[in-house]
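**Q** need a 3D model of the sequence below.
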Amino acid sequence: MTILLVSAILTVTVVLLVTEVIPVDLTALGVMVALMVTGVLTAREALAGLAHPAPVTVGALFIVSAGLARTGALDLLAARLTAATRDRPRRLLLLVLSFTAVLSAFMNNTPVVVLLISVLVSIAGEHPISLSKFLIPVSFVSILAGTSTLIGTSTNIIISDMSAQLGERAIGMFELSRLGVPLALLGAAFLYVFSFRLLPEHRTPVLSNSRGRAKLYISELLIPPGSPFIGCDPLHGPCSGEDLEIYQVLRDMEVLDPVERPVVVEEGDILLVKASAATLVRLLNQKIAKLPKGDRGTLAAPFDEGALIVELIVPPSSTLVGQRWQETFLAKEPHVHSIGVQRQWVHYPWTKMADLRFAVGDILLVQSPLDHIEQLRADGELIVVEDLQRQLVNRRKAPLAVGIFLGMVALATAGVLDILVAALAAAVLMVGLRCVTLRQAYQAVDVRTLLMIAGTLALGQALQRSGAADLYAATFLSLFAGASPTVVLGAVVAFTSLLSHLLSNNSTAVLATPIALATARALGVSSRPFVMGLCFGASACYATPIGYQTNLLVYGPGGYRFMDFLRLGVPLDIIVILGTTLLVPRLWPF
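**A** Coordinates of the predicted model:
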């Protein structure tokens, strides 16, 4: 009976996490309540995940990463590394992949990807590069490199702590590097060779800041009846010119890319353009186009020196996730005008935003004064995608932040301190020495992620306690009767990878760990290869934009479609799954 209850709770949990009908943190809380109400776990057992080392360690590492980002240590390094490569796309890709891999091996990869988006957008404003050739590789290599160390991804920390609780030895700081580094190098080489061949070349609507040219502004233009633009090709003829570039055509909530497929401008279309002030004045004065209305009426002129129309990306840590526009702090700002939201090639104009709940990776198009844009950037609730270089706050603390970070890694590697203690100490030092303020530290901690980890940890304990994990393992093994441990390991890794495309990596790790360890016990072999295989399988989620939060972050700015992730992601998944299956038994024998 208990196994049936746990299986029912597991099924409902998976459905809710995949569909996101309700927020994931509410699902996690619901799991804990369900396990308590049904008597599967006591209240103390169900809530033990809130004090589990895994979410506490992950929360501390969020703060450490924020300290590095807030002091400008990462920005300064990125600026210096990319300065000499802006006119060489291939060299820039190699450098960006290397830079992303090194940082992602030691810190939360979300701020790393956010940083690279900003750097590449800035470069695209000055040089003719296509962001779509760079952003998916940046996301993929950050995931790859994250599996090469214990702290590279929270998934590894969760698997390590759960394995230790179930009687297995915890994972060492660089134990995964024996396989993680070769896989990261092989994956990065694949991305370097094939990214320019397989990824589309989209033009990107970022503001130009090249010297010697008239400043260009992003704007939306509504095509009125009788406009001479009606019937023209956005890439040629009267619709385009030296100081006017059309990037997207917004029609009936659909986003049309004129580079990807032929488009003819129609009455009522909204064009996302980049143009000089003089060109915008001419188009508006001659009634060729007009400005759409924002949420508070007609927008100010898009070339207003005191305001900018900018794109804002919703990151995973933002409080906007799950909220409607009217519920957000942006709706209360009198100087911020909403124009629309773009989500996976669907454009929601401001009139359609009332019932839309924001999700990670959504792109908001708003008009705001310059000083308020700086405030938005400093708050960290949204990623500002435009050409202005971000202000480096407290840059003099950068060496101190780097020293704290390196000290944490060194002490944890040497075994002087447990990773939990080292991470907490580093987080306290980051705040105490003012590398990051207490408010910024609270903002850096993604509470939704921690609650999700705690809730799924409780479910994982229920799987183990009820015997459901052993039952699932026996059922799984029956499909591979007579197969070698290597084949079973490969099946576990492949199944974990598939599951991680549907659920979050952390949820996948929590649910798969007790089943994998039960499988090893049933086979009568060492569980170490299965623990290592889980670390790589749970992070092998490259084939869809929803597989990992950094994939969602680059989806909009890169102008990608679902198929773009499949082109590079499926081969990369295969590389990781095969590499893990073949090499793990050699490095960690059964």
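**Q** what segments of the stretch 351-500 of the chain are strands?
**A** 363-369, 383-385 (DSSP state E, counting those that start in this stretch).
**Q** mean pLDDT lowest for which of these?
**A** Looking at these, the lowest mean pLDDT belongs to strand 383-385 (a mean of 73).
**Q** burial measure for residue 586, as a count.
**A** For residue 586, the neighbour count with other C-beta atoms under 10 Å is 11. Placement of C-beta: from N, CA and C, glycine included.
**Q** check which helix or strand it maps to.
**A** helix 562-587 (DSSP states H and E).
**Q** now swap in residue 255 and tell me
**A** Per DSSP H and E: strand 254-256 holds residue 255.
**Q** can you find the helix or strand in this structure with the smallest mean pLDDT?
**A** Least confident element among the helices and strands of the chain, by mean pLDDT, DSSP states H and E: strand 297-298 (a mean of 46).
**Q** could you chop this structure up by domain?
**A** Per automatic domain parsing, the domain ranges recorded for the chain read 2-201+401-587, 207-290, 312-385.
**Q** identify, out of those domains, the most deeply packed stretch.
**A** domain 2-201+401-587 (a mean of 21; mean count of other C-beta atoms under 10 Å).
**Q** circling back: mind giving me the packing neighbours of the strand holding residue 255?
**A** strand 244-251, strand 346-349 (3 or more C-beta pairs under 8 Å, 6 or more residues apart in numbering; DSSP states H and E).
**Q** with only the CA atoms kept, save the first one in PDB.
**A** What it means is strand 244-251. The C-alpha trace of strand 244-251 is given here as PDB (Å, rounded to 0.1, in the frame of the first residue of the first chain):
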ATOM      1  CA  LEU A 244      17.000  51.300 -41.100                       C
ATOM      2  CA  GLU A 245      17.200  47.600 -40.400                       C
ATOM      3  CA  ILE A 246      14.100  45.400 -39.800                       C
ATOM      4  CA  TYR A 247      14.700  42.300 -37.600                       C
ATOM      5  CA  GLN A 248      11.300  40.900 -36.900                       C
ATOM      6  CA  VAL A 249       7.800  41.200 -38.100                       C
ATOM      7  CA  LEU A 250       5.200  40.700 -35.400                       C
ATOM      8  CA  ARG A 251       1.900  39.600 -36.800                       C
END
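**Q** that strand packs against which elements?
**A** strand 254-256, strand 270-276.
**Q** make it 10 Å
**A** Based on contacts counted as 3 or more C-beta pairs under 10 Å, 6 or more residues apart in numbering; DSSP states H and E, the elements that strand 244-251 packs against are strand 216-222, strand 254-256, strand 270-276, helix 277-285, strand 337-343, strand 346-349.
**Q** and the helices and strands packed on strand 254-256, which one's lowest on average pLDDT?
**A** strand 346-349 (a mean of 66).
**Q** might one say that residue 195 is in contact with residue 132?
**A** Yes. Here residue 195 lies in contact with residue 132, judged by C-beta atoms under 10 Å, at a distance of 9.4 Å.
**Q** can you put the strands of the stretch 351-500 of the chain in CSV and add distance to residue 139?
**A** Below are these laid out as CSV (distance: least, C-beta to C-beta, whole Å):
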stretch, distance to residue 139
strand 363-369, 16
strand 383-385, 14
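**Q** of all these, which one is nearest residue 341?
**A** Among these, strand 363-369 comes nearest to residue 341, with 5.5 Å by C-beta to C-beta.
**Q** still on that earlier bit, show me how far the strand holding residue 255 is from its chain's centre.
**A** 23 Å (C-alpha atoms, centre = their mean, to the nearest Å).
**Q** residue 520 is in what secondary structure piece?
**A** helix 505-523.
**Q** for residue 178, see how far away residue 157 is.
**A** For residue 157, the distance to residue 178 equals 18 Å [C-beta to C-beta, to the nearest Å].
**Q** just residue 533 next, same as before
**A** Distance of residue 533 to residue 178, computed by C-beta to C-beta: 13 Å.
**Q** any common contacting residues for these two?
**A** Counting by C-beta atoms under 10 Å, 6 or more residues apart in numbering, the shared contacts of residue 533 and residue 178 are 584, 588.
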